[in-house]
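Asker: below are the sequence and a predicted model for it; my questions follow.
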Number of protein chains: 2
Amino acid sequence: MATIIDIARVAGVSKSTVSRAFTNPGAVKPRTLELISNTAQELNYMPNALARAMITKKTETFAFIIHKEQFPVITNPFYGQILESVVEHTGGKGYSLYISSSGSLREYSFNTLLQKQVDGVIFASYTEPKMLQSFLQRHIPVVLVNSRSEDTDVCSVLTDDHGGIGQVVDYLVKKKHRDIGIIEGRFTQFIYNRRHQAFLQALKKYGLESKLCYMAAADATIHDSYNTACDILGGTHPPTALVCTNDTIAVGAIKAAHSLGLKVPGDVAITGYDNSSLCTACEPAITSVDANTRDMGAAAVDFLFRQIEGEEISTVTETVKTRLVERESA
Amino acid sequence: MATIIDIARVAGVSKSTVSRAFTNPGAVKPRTLELISNTAQELNYMPNALARAMITKKTETFAFIIHKEQFPVITNPFYGQILESVVEHTGGKGYSLYISSSGSLREYSFNTLLQKQVDGVIFASYTEPKMLQSFLQRHIPVVLVNSRSEDTDVCSVLTDDHGGIGQVVDYLVKKKHRDIGIIEGRFTQFIYNRRHQAFLQALKKYGLESKLCYMAAADATIHDSYNTACDILGGTHPPTALVCTNDTIAVGAIKAAHSLGLKVPGDVAITGYDNSSLCTACEPAITSVDANTRDMGAAAVDFLFRQIEGEEISTVTETVKTRLVERESA
DNA sequence: ATGAAAGCGCTAACAG
DNA sequence: CTGTTAGCGCTTTCAT
């Protein structure tokens, strides 16, 4: 592969001039510039980003690390959508993106990223403190998505669980539901707690509260959610509405309702969270909270760029507003 | 950040010895090794992969480039699953993975990867020849997933469309269906043709053929598939079975059947392809072809490693066997 | 506006 | 087994 030295030789200039032609064209005489540009083309030249990065200390590369517990990792209806947005926004600025999944067994993977000198890291879902510290300690910009650090000056992008669950409860109450239950996905403790609190608080606003037998945790699988929903809906005095903290869970709940001979939303209203492709695949189509993952991804990338530019970030947590998408299930 | 020079100074050895301690520990006296290892720990040393790569000419990094037309790019039920597997298999070997989406507007994104000296590239879905050539010309190992190149010595990993569609047709014929239609997703021309031919050929095996009015193309959206299915199923003498070339399309078809008052599978059997999460979300659960995306991802990564090791690859196309997953819709 | 020289952090012969 | 030397391809002062 051709290097700037080759170009310099062929064009009869010094390699510094060639370098300058690419990094600071304004400082090179137009005729020289053209000469260099032409020979570069001829030689099919392509700068070596590694060599450049060694000097500039910038690789123009971010990493997206998602915790392995969130299965599936990539096609996860929530994190997958965020990754989608992150890919687009990093690429849009000419940056590259490493994708990697963390997990107990894979400590080396983040060491690798450290060695490869990434300019910033997005952690999705839970982050092991040790891993987080490795980056912070080396002053590599970091942003957490859907989680928060003890370290109060680490940036976080969160979905507005409060608002989202609130919108759902508002909606259900408006539809005259007073016996509202919830199936809560066993996500990270952080998210679990937020949505749980949000639910209780939203009910309280209306002077309502949920019976204990209306509330249960479930793995975010159709199977487990189905069983859980059967328990809740099969009681003697079941709730008339069931809030689910993600769409997969809502699917399981709908199946459970059907198998118990209950009509959705006639006998029991069911709502989801994520507004994923499952919502429209299901019958009835699921009323769900759109977490606005596009904005979440964009916000995460933005946080990284702002840190790179040395900006002192005052508001370190960005809570992205949700939107209730009304469909048929509630 | 500490460098090998720092370690050398503190440990009182030369930097070559330090370097050797990491790259070829066997060639260093155990006591020196330990000394170096300790000081490295103290100084919180971490090798700079960039500097190393400049010399070794190996970045230990692959890229996964998916064509933008395949929307959604990441959460795409088919390519997303493959990416999932690719992430795992590259990570398992200590390699890193760039993820990037290509598309008409984003030519620079692959230039960036070129500059960053990736060791290999996986192209998912369609690949623009120009882009492909840029890599081939620089002798960077390449593998295509779900597409093929004019260049007969470019590795490809394909799903066994023939086998997959064949399994579906076998299954339907065994269930006494003789009037079988198909809704074909407007994927790349390559995949479209393969599945189309596979369908015709599978019918032929049984001396059957599909009426023209039983066959139609559709965008891989529920909406478009719904409309298309309404046309086919709303005819005066509709088919009793409908093969769909992906799950999203099957969902649309099922909805269409329902809206026409047809029972699935009683009045019309419907099958999908991908065995994605939609299959079990849907009611009835979709009978679908599992393309074995895990193996596809693994095969792609394997092709890359084999090329890196300089192996002369004789069988350049790997066709991954499918498996029919029987559920309720057919 | 251009060139010469120094050096980023590391590996890889080659001596010893 | 270890140290010396010479770069990898590039940017960046500092002169000219």
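Answerer: Great, that's in hand. In this text the structure is predicted, and so the values were computed from the model without any measurement.
Asker: going forward, measure contacts between C-alpha atoms and count neighbours the same way
Answerer: OK.
Asker: burial count for the residue in the stretch 151-300 of chain A positioned nearest to DNA strand C?
Answerer: Residue nearest to DNA strand C within the stretch 151-300 of chain A: residue A:154 (25.6 Å; CA to the nearest atom of the strand). The tally of other residues near residue A:154 (other CA atoms under 10 Å in any protein chain shown) stands at 17.
Asker: and for residue A:237?
Answerer: Neighbour count for residue A:237, taken as other CA under 10 Å: 11.
Asker: thinking again about what came up before, how much space between the residue of the stretch 151-300 of chain A closest to DNA strand C and residue B:87?
Answerer: Summarising the geometry, the distance separating residue A:154 from residue B:87, computed by CA to CA, to the nearest Å, is 27 Å.
Asker: ok, residue A:109 next?
Answerer: The spacing between residue A:109 and residue B:87, counted by CA to CA, is 11 Å.
Asker: just residue A:198 next, same as before
Answerer: Per CA to CA, residue A:198 is found 35 Å from residue B:87.
Asker: okay, these two: which has more neighbours?
Answerer: With neighbours defined as other CA under 10 Å, residue A:198 and residue B:87 compare such that residue B:87 has more, 27 against 20.
Asker: helix, strand or coil: sort out the residue most central in space within chain A for me.
Answerer: A centroid search over chain A (CA atoms, centre = their mean) returns residue A:82, at 3.6 Å, as the residue closest to the centre. Following DSSP: H, G, I helix; E, B strand; the rest coil, we place residue A:82 in the helix state.
Asker: surely it touches residue A:300?
Answerer: No - at 9.3 Å, residue A:82 and residue A:300 do not qualify as touching, with contact defined as CA atoms under 8 Å.
Asker: taking the stretch 201-330 of chain A, what residue is nearest to chain B?
Answerer: Of the residues in the stretch 201-330 of chain A, the one nearest chain B is residue A:282, at a distance of 5.2 Å by CA to the nearest CA.
Asker: how many residues are close by that residue?
Answerer: Residues contacting residue A:282 under the criterion other CA under 10 Å number 25.
Asker: next one: residue A:175
Answerer: For residue A:175, which is what you asked about, the neighbour count (other CA under 10 Å) is 12.
Asker: what separates it from residue A:240, distance-wise?
Answerer: Where residue A:240 is concerned, residue A:175 sits at a distance of 11 Å (CA to CA).
Asker: contacts for stretch A:73-82 next, please.
Answerer: Applying CA atoms under 8 Å, 6 or more residues apart in numbering or on different chains, the set of residues contacting stretch A:73-82 from outside is A:66-67, A:70, A:83, A:101, A:124, A:274, A:276-277, A:293-294, A:296-297, B:74-77, B:80-81, B:83-84.
Asker: out of the residues you listed, which touch DNA strand D?
Answerer: Among the contacts of stretch A:73-82, none lies close to DNA strand D by the criterion of CA under 7 Å from any atom of the strand.
Asker: so which of the residues you listed are in helices?
Answerer: Where these overlap with helices, as defined by DSSP state H, the overlap consists of A:83, A:293-294, A:296-297, B:80-81, B:83-84.
Asker: what's the most distant pair in those?
Answerer: Farthest-apart pair in the ones in helices among the contacts of stretch A:73-82 is A:296 and B:81; separation 22.5 Å (CA to CA).
Asker: and the residue of the stretch 151-300 of chain A closest to DNA strand C, what does it touch?
Answerer: Applying CA under 8 Å, 6+ apart, one finds that residue A:154 lies in contact with A:142-144, A:148, A:316.
Asker: using TSV, lay out those residues together with pLDDT and distance to residue A:15.
Answerer: TSV is the format used below for those (pLDDT from 0 to 100; distance: CA to CA, whole Å):
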residue	pLDDT	distance to residue A:15
A:142	97	36
A:143	98	39
A:144	98	42
A:148	93	48
A:316	94	44
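Asker: which one of the residues you listed is nearest residue B:203?
Answerer: Within the contacts of residue A:154, distances to residue B:203 taken as CA to CA reach their minimum at residue A:144, with 52.9 Å.
Asker: taking the stretch 201-330 of chain A, what residue is nearest to DNA strand C?
Answerer: Using CA to the nearest atom of the strand, the point where the stretch 201-330 of chain A gets nearest to DNA strand C is residue A:308, with a distance of 18.2 Å.
Asker: what about that residue, neighbour count?
Answerer: With other CA under 10 Å as criterion, residue A:308 counts 14.
Asker: do residue A:19 as well
Answerer: Residue A:19 has 17 neighbours, counted by other CA under 10 Å.
Asker: that one: what secondary structure?
Answerer: Three-state assignment for residue A:19 (three-state DSSP): helix.
Asker: does the helix-or-strand element of chain A with minimal mean pLDDT come close to DNA strand C?
Answerer: Among the helices and strands of chain A, helix A:107-115 carries the lowest confidence by mean pLDDT, DSSP states H and E, at a mean of 84. No - with CA under 7 Å from any atom of the strand as the threshold, helix A:107-115 lies outside contact range of DNA strand C, at a closest distance of 8.4 Å.
Asker: so what does that helix touch, helix or strand wise?
Answerer: Secondary-structure packing of helix A:107-115 (3 or more CA pairs under 8 Å, 6 or more residues apart in numbering or on different chains; DSSP states H and E): strand A:96-102, strand B:96-102.
Asker: can you add mean pLDDT, distance to DNA strand C and mean neighbour count and give those back as a markdown table?
Answerer: Formatted as a markdown table, those follow (pLDDT from 0 to 100; distance: least, CA to the nearest atom of the strand, whole Å; neighbours: other CA atoms under 10 Å in any protein chain shown):
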| stretch | mean pLDDT | distance to DNA strand C | mean neighbour count |
| --- | --- | --- | --- |
| strand A:96-102 | 93 | 21 | 25 |
| strand B:96-102 | 93 | 17 | 25 |
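Asker: want to throw the ones you listed into CSV with distance to residue A:229?
Answerer: Shown next, in CSV, are the helices and strands packed on helix A:107-115 (distance: least, CA to CA, whole Å):
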stretch, distance to residue A:229
strand A:96-102, 31
strand B:96-102, 38
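Asker: could you dump stretch A:152-168 to CSV, C-alpha only?
Answerer: The C-alpha trace of stretch A:152-168 is given here as CSV (Å, rounded to 0.1, in the frame of the first residue of the first chain):
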residue,chain,number,x,y,z
THR,A,152,-22.3,11.1,40.4
ASP,A,153,-20.5,12.6,37.5
VAL,A,154,-20.9,9.8,35.1
CYS,A,155,-23.3,10.6,32.3
SER,A,156,-26.5,8.5,32.0
VAL,A,157,-29.2,8.3,29.4
LEU,A,158,-32.4,6.9,30.9
THR,A,159,-35.9,6.3,29.6
ASP,A,160,-38.4,8.2,31.6
ASP,A,161,-39.8,5.2,33.3
HIS,A,162,-41.8,7.5,35.6
GLY,A,163,-43.4,9.3,32.7
GLY,A,164,-43.9,6.1,30.7
ILE,A,165,-45.6,4.1,33.4
GLY,A,166,-47.4,7.2,34.4
GLN,A,167,-48.8,7.6,30.9
VAL,A,168,-50.0,4.0,30.9
